[in-house]
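Visitor: Next come a sequence and a model predicted from it.
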Amino acid sequence: AQTVTQSQPEMSVQEAETVTLSCTYDTSENNYYLFWYKQPPSRQMILVIRQEAYKQQNATENRFSVNFQKAAKSFSLKISDSQLGDTAMYFCAAQRANNLFFGTGTRLTVIP
Amino acid sequence: DTEVTQTPKHLVMGMTNKKSLKCEQHMGHRAMYWYKQKAKKPPELMFVYSYEKLSINESVPSRFSPECPNSSLLNLHLHALQPEDSALYLCASSQDPGLAGGEQYFGPGTRLTVT
């Protein structure tokens, strides 16, 4: 079974600052993928970043990076130099058999 | 073209109505998905189509009937819905059903209200 937990329902950050969103997961798979998806107020979900479990190097996409701690089953997202356009709901997700299992989400607000 | 389109954007229907939601992608993706998302909740998987065949039905009530007429099109037929079925219905696609780690591309969703 795949379970994904996001313990921060809401967070806020000042524009240009850095914020970290937490995610923990549980899985019985040996190899798996983890994702962060962003759902802005307009609703269309887009992929922010993905991590393959057997890769030790943390994934990075421009201002977005992850801290993947496999033993602790932790997968946090760091957003650097936060921008107003980063305001959105962020979902952490684990993949099994091409299907995504989402956490409950963290609503991030970037304050001007 | 990296877009998944969904029509209609909004739909209001009575409990005795029959309606359909439509999803389209032209990225050549061979996996397509229907999700249901209630307010302030994460998306929940309903159906998965792989190579135009239904591969996963997450115990969805029969009042929801999916259809994949071709590799670009996915429909969700609705009949005798209940008010608790009101939600945002999201369609998604991914390149290869057998490819682990593939990105899912989401449409903007159809906001359904059942009265």
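Guide: That came through, no problem. Residues are numbered from 1 along each chain as shown, chains lettered A, B, ... in the order given.
Visitor: Name the nearest residue to B:Ser55, sequence neighbours excluded.
Guide: Spatially, and ignoring its direct neighbours in sequence, B:Ser55 is nearest to B:Val48 (5.0 Å; Cβ to Cβ, 6 or more residues apart in numbering or on different chains). To be clear about C-beta, it is placed using only N, CA and C from the backbone, and glycine gets the same treatment.
Visitor: Next, count neighbours for B:Ser25.
Guide: Residue B:25: Gln, not Ser. The number of residues packed near B:Gln25 is 23, by other Cβ atoms under 10 Å in any protein chain shown.
Visitor: Might one say that it is in contact with B:Tyr105?
Guide: Yes. Assessed by Cβ atoms under 8 Å, B:Gln25 is found in contact with B:Tyr105 at 7.0 Å.
Visitor: which residues do those two both contact?
Guide: Common neighbours of B:Gln25 and B:Tyr105, counting by Cβ atoms under 8 Å, 6 or more residues apart in numbering or on different chains, are B:Glu3, B:Val4, B:Ser93.
Visitor: between the residues you listed, which is nearest chain A?
Guide: B:Val4 (8.6 Å; Cβ to the nearest Cβ).
Visitor: okay but that closest one is in contact with B:Ser94, surely?
Guide: No. Assessed by Cβ under 8 Å, B:Val4 is found out of contact with B:Ser94, at 10.3 Å.
Visitor: ok, those two, which is more surrounded?
Guide: B:Val4 (26 against 22).
Visitor: So what's the gap between stretch A:72-82 and the chain middle?
Guide: Centroid separation for stretch A:72-82 versus its chain: 6 Å, with Cα atoms, centre = their mean, to the nearest Å.
Visitor: Now name the helix or strand holding B:Tyr35.
Guide: Using DSSP states H and E, B:Tyr35 sits in strand B:31-37.
Visitor: Ignore what I typed, I meant A:Ser76.
Guide: Short version, using DSSP H and E: A:Ser76 is in strand A:74-79.
Visitor: What lies in contact with that strand?
Guide: Contacts of strand A:74-79 (Cβ under 8 Å, 6+ apart): A:13, A:18-25, A:34, A:36, A:48-49, A:51, A:63-69, A:86, A:90, A:92, A:108.
Visitor: and residue 112, what does it touch?
Guide: Defaulting to chain A. A:Glu15, A:Leu84.
Visitor: not quite, I wanted chain B
Guide: B:Leu11, B:Val12, B:Met13, B:Leu21, B:Leu78, B:Leu81, B:Asp85, B:Ser86, B:Ala87, B:Leu88, B:Tyr89.
Visitor: in the sheet, who's paired with it?
Guide: Beta-bridge partners recorded for B:Leu112 (DSSP bridges): B:Leu11, B:Ala87.
Visitor: one step back: could you dump the shared contacts of B:Gln25 and B:Tyr105 into TSV with secondary structure and distance to B:Gly101 added?
Guide: Shown next, in TSV, are the shared contacts of B:Gln25 and B:Tyr105 (DSSP: H, G, I helix; E, B strand; the rest coil; distance: Cβ to Cβ, whole Å):
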residue	secondary structure	distance to B:Gly101
B:Glu3	coil	21
B:Val4	strand	19
B:Ser93	strand	15
